[in-house]
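> following is a predicted model, sequence given first.
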Amino acid sequence: MKALVKFANTPGAVEIRDVPVPEIGREDILLETKAVGVCGFDIEIWQQKIPFPITVPVIQGHEFCGVIRKVGADVRDFSEGDRVVSETAAVICGKCPQCLTGHYHLCAYRKGFGYGVDGAFTDFVKVPRRCLHRMPDNVSFDQACLTEPACVTYQAVNVLSTVMPGTPAVVIGPGPIGLFALQMIKANSAGPIIVVGTGKDLPRLKVARDLGANVTIDVSTEDARQAIMDHTHGQGAPLVVDAAGNEHSLHLAVDVVAREGQITKIGWGPGPVNFSLDPLLIKAARIQGSFSHNWPTWEAVISMIATGALKMDPMISHRVGIDQWQETFQAIHDGKGVKAVILFNRD
């Protein structure tokens, strides 16, 4: 079967290779892949812009769903033919305090699909049974593979942040995570919701408006700090979600967070932060990091997708085959779309 493989820890060391169908263990399932989302992390792996080495060679892809084709001998609650979507924590220790308290996504020994173990940019993937969730009948495969980034955002906004109805919120970075953050905040009746992007993000800022953003700001043509303060009556926002992650986005977040407010940082930024964090002390504001997700978050997000509380179709700009991976990665990197889905085993 064909697979998209990262074969060395150097820029561009990704190619399509022929690989065998994986063998499964007693507590695993063999999943026939149907749809896999392209994450910014996948693009960073391709470009070797990640802050740590990848286990190579490894099949990329961690946002995926499909149909069960084989179950391990000890799997009792799933059957061949079931439509399922998978979490990303492929390997956990099961013994640390985080695992024992249900926060296994923070296990120090965690290895994820697509960088630590083989992922899903291929026809079949081996998945531990504990990672699986059933797909509702009214959810399509291309929608379901976006469950993972939606869960990243639910964990950050609904679990780890304080979202108050009727209060302003700012989302910096209108990529998929930022646009899901917008939807999560809107579901909590906060507002006005202000989404900030760059000139490269103009198509994504339009999607943000379509999804309910009250204000969108292009930092290449506007003073974002002043615009946010104007829209919040000089008070700043009680919640600022940094979905971009770089030094400039965090600096803006520190500038515009309200007194006693919160910055929730989802976006990665491996570079140094060359400014003082003392304004957070003056404001008694806080920064909350957020990473990954766990079982209750997945169940909540799946319910939101099934009921239409989350809009998935506006998020998808590309539906392609695996042979189009490189031009698709480049298009998403260049901001020429929001979210790409690679489709497999089309019926």
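Arrived safely, thanks for sending. No experiment lies behind these values; they were computed from the predicted model shown.

> tell me how many other residues surround residue 133.
For residue 133, the count of nearby residues is 18 (other C-beta atoms under 10 Å). Bear in mind the C-beta positions are built from the backbone N, C-alpha and C, glycine included.

> correction: residue 168
Neighbours of residue 168 under the rule other C-beta under 10 Å: 26.

> could you pull up the residues touching it?
Contact partners of residue 168, counting by C-beta atoms under 8 Å, 6 or more residues apart in numbering, are 190-194, 231-232, 235-239, 258.

> list only those of these flagged as buried.
190-194, 231-232, 236-239, 258 (16 or more other C-beta atoms under 10 Å).

> list the contacts for residue 65?
By C-beta under 8 Å, 6+ apart, residue 65 lies in contact with 33-35, 83-86, 135, 141, 144-145, 147.

> so for whichever strand or helix holds residue 179, what's the average pLDDT?
Under the criterion of DSSP states H and E, residue 179 resides in helix 176-187. Confidence for helix 176-187, expressed as mean pLDDT, is 98.

> with stretch 25-35 instead?
Taken as a whole, stretch 25-35 carries a mean pLDDT of 98.

> would you mark the buried spots in that stretch?
Here stretch 25-35 shows 28-35 as buried, counting by 16+ other C-beta under 10 Å.

> sorry, back to before: tell me which of the contacts of residue 168 is nearest to residue 53?
Proximity to residue 53 was ranked across the contacts of residue 168 by C-beta to C-beta; first place goes to residue 239, at 34.7 Å.

> thought residue 46 was touching residue 14?
Yes. Counting by C-beta atoms under 8 Å, residue 46 does reach residue 14; the two are 4.8 Å apart.

> joint contacts of these two?
Common contacts of residue 46 and residue 14 (C-beta under 8 Å, 6+ apart): 6, 60.

> still on that earlier bit, turn the buried residues of stretch 25-35 into a markdown table, columns for secondary structure and distance to residue 227.
As requested, the buried residues of stretch 25-35 are exported to a markdown table (DSSP: H, G, I helix; E, B strand; the rest coil; distance: C-beta to C-beta, whole Å):
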| residue | secondary structure | distance to residue 227 |
| --- | --- | --- |
| 28 | strand | 51 |
| 29 | strand | 50 |
| 30 | strand | 52 |
| 31 | strand | 46 |
| 32 | strand | 48 |
| 33 | strand | 43 |
| 34 | strand | 42 |
| 35 | strand | 38 |
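
> name the nearest residue to the residue nearest the centre of the chain, ignoring sequence neighbours.
For the chain, the residue lying nearest the average C-alpha position, counting by C-alpha atoms, centre = their mean, turns out to be residue 149 (2.7 Å). What sits nearest to residue 149 in space, not counting adjacent residues and going by C-beta to C-beta, 6 or more residues apart in numbering, is residue 176, at 5.1 Å.

> for the one you found, list the residues it contacts.
By C-beta under 8 Å, 6+ apart, the residues touching residue 176 are 39-40, 146, 149, 315, 338-339.

> neighbours of residue 19, how many?
Residues within reach of residue 19, counting by other C-beta under 10 Å, total 17.

> meant to ask about residue 336, not that
Residue crowding around residue 336 was assessed by other C-beta under 10 Å; the count is 14.

> wait, isn't it in contact with residue 202?
No. Contact status for residue 336 versus residue 202: not in contact, 10.6 Å apart, counting by C-beta under 8 Å.

> thinking again about what came up before, kindly reformat the contacts of residue 65 as CSV containing secondary structure and distance to residue 21.
As requested, the contacts of residue 65 are arranged in CSV below (three-state DSSP; distance: C-beta to C-beta, whole Å):
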residue, secondary structure, distance to residue 21
33, strand, 11
34, strand, 16
35, strand, 19
83, strand, 20
84, strand, 18
85, strand, 21
86, strand, 17
135, coil, 22
141, helix, 20
144, helix, 22
145, coil, 20
147, helix, 24
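
> ok, back up a step: now the buried members of the contacts of residue 176.
Under a neighbour-count criterion of 16+ other C-beta under 10 Å, the subset of the contacts of residue 176 counted as buried comprises 39-40, 146, 149, 315, 338-339.

> want to throw those residues into JSON lines with secondary structure, pLDDT and distance to residue 323?
Rendered in JSON lines, the data for the buried ones among the contacts of residue 176 read as follows (DSSP: H, G, I helix; E, B strand; the rest coil; pLDDT from 0 to 100; distance: C-beta to C-beta, whole Å):
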{"residue": "39", "secondary structure": "coil", "pLDDT": "96", "distance to residue 323": "19"}
{"residue": "40", "secondary structure": "helix", "pLDDT": "93", "distance to residue 323": "21"}
{"residue": "146", "secondary structure": "coil", "pLDDT": "97", "distance to residue 323": "22"}
{"residue": "149", "secondary structure": "helix", "pLDDT": "97", "distance to residue 323": "24"}
{"residue": "315", "secondary structure": "helix", "pLDDT": "95", "distance to residue 323": "23"}
{"residue": "338", "secondary structure": "coil", "pLDDT": "94", "distance to residue 323": "22"}
{"residue": "339", "secondary structure": "strand", "pLDDT": "96", "distance to residue 323": "19"}
